[in-house]
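Asks: Prediction below, plus the sequence it came from.
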Amino acid sequence: MTLRTHKLSVDGHPRLRLVDVDIALSAGEVIVLVGENGAGKTTLLRTLCGLQQPTSGTVHLDKVDLHALPPAEQARQLSSMPQHDRAPDAMSVARRVLQGAVPAVGTERLFDDRQHQLLDDVLDELDLQAFRDRPLRDLSGGERRRAHVARCLAHPSATAYLLDEPFAGVDRSHARVVLQALRRRAAQGALVVVSVHDLDLAVLLADRVIGLRHGRVVVEGAPAVALDTEGLQLIFDQEGKLVDDDGHVGVLFKRS
Amino acid sequence: MTLTAPLSASRRRRWLLLGVLAVIAAALLSVCLSPDGFVALDVDNPLLQLRTKRVAQALLAGGVLGGTGVILQALLHNPLADPYIIGVSGGAALGGTVVLVVVGASPVALMAGSSAGGLITLLVLTAFLARSRRGGDPALLAGVVINAFAAALITLVKTALPADKAQALMFWLVGQIGYPSSTTLLATGAFSVGALLLCVTRAGKLELLSFGDDDAQRLGVNVQRERLLFFIVAALLVGMLIPQVGMIGFLGLVLPHVLRRVVDADHRLLLPLSILSGAAALALLDGVARLLFPVLQTELPVGALTAVVFAPIFAWSLFTEVRS
């Protein structure tokens, strides 16, 4: 499975959101999108899952134009997580997470053993079992974000998972849990595309980093290449470096 | 109260069975309620046979109100939506008024006119909703304005009409659950039941739409198509209903609100249960209105009764919600 964009541009008021983006993403890869606020990460993710129509250019899912596919077919293959979680506070974690499985099990299908298993698996995977029957309002910001991630990953037959800031507000130990869950999906043969602000996590997670600035792809490559001093300069206009000290990796910026 | 475990088939079956039983009980009880008090169920009693039609109409109207309330609340992402609040019934009344004045009081023309009025209102609201990035609130406000506008236009028309026509218009606008002909009952009954069943079989899509258009599309719902379908069905149902029973408020607002909190917020249960309980509630209240005839020496419009009963329930429900 591949997702490929060709000269993809998206106009938005008051600025261009994406300009001539040409990228090819394949199954089994973890792609991490980095860039400043407003660089185009969210727009790219929305376009890649079919939600945002391109102003010009195309997105191809394998051989077919993604935006020509009916929503049900897009959703059957692509599971996506929006940046903002607009679930009602009173909804339980179990109910919210299970909605993610709708493209695979159907909208009218009620809770059954198969979904029970599915729900259990993803809740265990993201260390949310304790919150299963609790309303979302009882969860902290980071816990709620994990439930949001769990919802996206609850889609059992997706060939690609696209997540907008899955680590926002998530503590370091649980970031590891989320990271492993994402890597596991890629190991099972899915494409995983994620936008990330924490560059240390980006380095740990990514097979390939795509750096965006003002709607353009400015760097692309393995983390060690894309996030080197030159890459950081291009993406963030700051002096920094990628450090790998005896297996401890991270990105450091120069004190200004 | 928080709903925890996802909705299972057995839970839905239990509640729907209860709903069906409530409808049957309410219908039987209502048939026995007359201005002379409670009368025994007797198949050969001609008055009772006549009253059966009236009860059937109340059941249909209640079901439609309960169902369209839930549908509009889901599509406008606002629990306050209801045909009488967001202007659909106002638009329908205006459409019917225009037809009444221009064409005359033919039932079919009235139904067509009010359906068209309701549908136009909904299309205007959809346009608002599509341009709004802030959810359903602007659409709701627009609906309130449309309702007021329609009411003003109807008043204008009423003032300009000769007395006899104004009287006919008044009579039609207030409306009441009456004794429809078997043909009308059969036609509207078949359409209402069919349309509501269609909605119930797609309630899972409605459930997803209630969380937002983007979210629903991410989960594979064809948002434009489903929204249009539900809107058209709701407008036709309300348009068909208004010329028959007039304005009956609060039912479509309060019942879903209470059911959401007490039973389940999942539309796959909420929608059918709201339809069933709406039917049961209106049949019962109409029976109570008949019982009150000797006291008031006139027929109490059931719309007044629904408001009197449901407004305090709504207030109480809101109060406890705010407090928790």
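Replies: The structure has been received and is ready for your questions.

Asks: dump the residue contacts of residue A:10.
Replies: Under the criterion of C-beta atoms under 8 Å, 6 or more residues apart in numbering or on different chains, the contact partners of residue A:10 comprise A:16, A:17, A:18, A:40, A:43, A:47, A:52, A:54, A:55, A:215. Heads up, the C-betas are built off the backbone N, CA and C, glycines and all.

Asks: Pull up the pairing partners for the helix or strand that contains it, direction included.
Replies: Assigned by DSSP states H and E, residue A:10 belongs to strand A:2-11. For strand A:2-11, the paired strands and their directions (DSSP bridges) read strand A:16-21 (antiparallel), strand A:24-26 (antiparallel), strand A:56-61 (antiparallel).

Asks: which of these is buried the deepest?
Replies: Highest mean neighbour count among the strands paired with strand A:2-11 (mean count of other C-beta atoms under 10 Å in any protein chain shown): strand A:16-21, with a mean of 20.

Asks: which stretches of the chain form strands?
Replies: Using chain A here. Along chain A, the stretches classed as strands by DSSP state E are A:2-11, A:16-21, A:24-26, A:30-35, A:56-61, A:64-65, A:78-81, A:160-164, A:191-195, A:208-213, A:216-221, A:240-245, A:248-253.

Asks: Sorry, I should have been clearer: chain B.
Replies: Counting by DSSP E, chain B has these strands, from start to end: B:33-34, B:37-38.

Asks: need the strands paired with strand A:2-11 in JSON lines with mean pLDDT and distance to residue A:159, can you?
Replies: What follows is those, written out as JSON lines (pLDDT from 0 to 100; distance: least, C-beta to C-beta, whole Å):
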{"stretch": "strand A:16-21", "mean pLDDT": "91", "distance to residue A:159": "21"}
{"stretch": "strand A:24-26", "mean pLDDT": "97", "distance to residue A:159": "11"}
{"stretch": "strand A:56-61", "mean pLDDT": "97", "distance to residue A:159": "9"}
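
Asks: Of these, give the one that comes closest to residue A:193.
Replies: Ranking the strands paired with strand A:2-11 by their distance to residue A:193 (criterion: C-beta to C-beta) puts strand A:24-26 first, at 6.4 Å.

Asks: Could you give the bridge partners of the most centrally placed residue in chain A?
Replies: Compute the mean C-alpha point of chain A, and by C-alpha atoms, centre = their mean the closest residue is residue A:163, 2.0 Å away. Taking DSSP bridges, one obtains residue A:81, residue A:194 as the residues bridged to residue A:163.

Asks: Go ahead and confirm it touches residue A:194.
Replies: Yes - when contacts are counted by C-beta atoms under 8 Å, residue A:163 is listed as touching residue A:194 (4.9 Å).

Asks: Need the overlap of contacts for these two.
Replies: Counting by C-beta under 8 Å, 6+ apart, the residues touching both residue A:163 and residue A:194 are residue A:182.

Asks: tell me which helix or strand of the chain sits lowest on mean pLDDT?
Replies: No chain was given, so I picked chain A. strand A:16-21 (a mean of 91; mean pLDDT, DSSP states H and E).

Asks: My question was about chain B, not that one.
Replies: For chain B, the helix or strand with the lowest mean confidence is helix B:163-174, at a mean of 77 (criterion: mean pLDDT, DSSP H and E).

Asks: Any chance you could list what contacts that helix?
Replies: B:93, B:96-97, B:100-101, B:105, B:110, B:154, B:157-159, B:161, B:243, B:246-247, B:301, B:303.

Asks: again with stretch A:178-191
Replies: Residues from elsewhere that reach stretch A:178-191 (C-beta under 8 Å, 6+ apart): A:1-3, A:25-31, A:125-126, A:146, A:149, A:153, A:158-161, A:163, A:166-167, A:170, A:192, A:194, A:201, A:204-205, A:207.

Asks: Out of the residues you listed, which end up buried?
Replies: Applying 16 or more other C-beta atoms under 10 Å in any protein chain shown to the contacts of stretch A:178-191, the neighbour count classes A:1, A:3, A:25, A:27, A:29-31, A:125-126, A:146, A:149, A:153, A:158-161, A:163, A:166-167, A:170, A:192, A:194, A:201, A:204-205 as buried.

Asks: quick revisit: would you mark the buried spots in the strand holding residue A:10?
Replies: Residues of strand A:2-11 classed as buried under the neighbour-count rule (16+ other C-beta under 10 Å) are A:3, A:4, A:5, A:8, A:9, A:10.

Asks: Now render those as TSV, adding distance to residue B:37.
Replies: Supplementary listing: the buried residues of strand A:2-11 in TSV, determined by distance: C-beta to C-beta, whole Å:
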residue	distance to residue B:37
A:3	73
A:4	77
A:5	76
A:8	75
A:9	76
A:10	71
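
Asks: ok, the residues you listed vs residue B:60, which is closest?
Replies: Sorting those by how near they are to residue B:60, with C-beta to C-beta, puts residue A:10 at the top with 48.8 Å.

Asks: On the pLDDT front, check that closest one for me.
Replies: What the model reports as pLDDT for residue A:10 is 95.

Asks: Buried members of the contacts of residue A:10 into ChimeraX, please.
Replies: The buried residues among the contacts of residue A:10 can be selected in ChimeraX (16+ other C-beta under 10 Å) with this line:
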select /A:16,17,18,40,43,47,52,54,215
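
Asks: so can I have JSON lines of the contacts of residue A:10 showing distance to residue A:101?
Replies: Output for the contacts of residue A:10, formatted as JSON lines (distance: C-beta to C-beta, whole Å):
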{"residue": "A:16", "distance to residue A:101": "36"}
{"residue": "A:17", "distance to residue A:101": "31"}
{"residue": "A:18", "distance to residue A:101": "30"}
{"residue": "A:40", "distance to residue A:101": "30"}
{"residue": "A:43", "distance to residue A:101": "27"}
{"residue": "A:47", "distance to residue A:101": "24"}
{"residue": "A:52", "distance to residue A:101": "24"}
{"residue": "A:54", "distance to residue A:101": "29"}
{"residue": "A:55", "distance to residue A:101": "33"}
{"residue": "A:215", "distance to residue A:101": "34"}
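
Asks: least confident pick among the contacts of residue A:10?
Replies: Of all these, the one the model is least sure of by pLDDT is residue A:16, with 75.

Asks: related to what we said a few turns ago, if I pick the residue nearest to the centre of chain A, what's in contact with it?
Replies: Contact analysis of residue A:163 by C-beta under 8 Å, 6+ apart lists A:45, A:80, A:81, A:149, A:152, A:182, A:192, A:193, A:194, A:195.

Asks: Excluding covalently adjacent residues, which one is nearest to residue B:192?
Replies: Setting aside the residues directly before and after it, residue B:192 is nearest to residue B:60 in space (C-beta to C-beta, 6 or more residues apart in numbering or on different chains), at 5.1 Å.

Asks: was I right about that neighbour contacting residue B:188?
Replies: Yes - if you go by C-beta under 8 Å, residue B:60 and residue B:188 touch, sitting 6.4 Å apart.

Asks: For chain A, which of the strands of chain B is the nearest?
Replies: Ranking the strands of chain B by proximity to chain A (C-beta to the nearest C-beta) places strand B:33-34 first, at 37.1 Å.

Asks: Tell me which other helices or strands that closest one touches.
Replies: Contact here means 3 or more C-beta pairs under 8 Å, 6 or more residues apart in numbering or on different chains; DSSP states H and E; on that basis strand B:33-34 packs against helix B:267-291.

Asks: Return the set of buried residues in the helix it packs on.
Replies: Using 16+ other C-beta under 10 Å as the burial criterion, the residues of helix B:267-291 that qualify are B:267-287, B:289-291.

Asks: what does the stretch 51-200 of chain A put close to chain B?
Replies: Taking C-beta under 8 Å from any C-beta of the partner chain as the measure of proximity, the stretch 51-200 of chain A contacts chain B at A:51, A:70-76, A:80, A:82, A:86-88, A:90-92, A:94-95, A:98-100, A:102-103, A:106-112, A:115, A:119, A:132-135.
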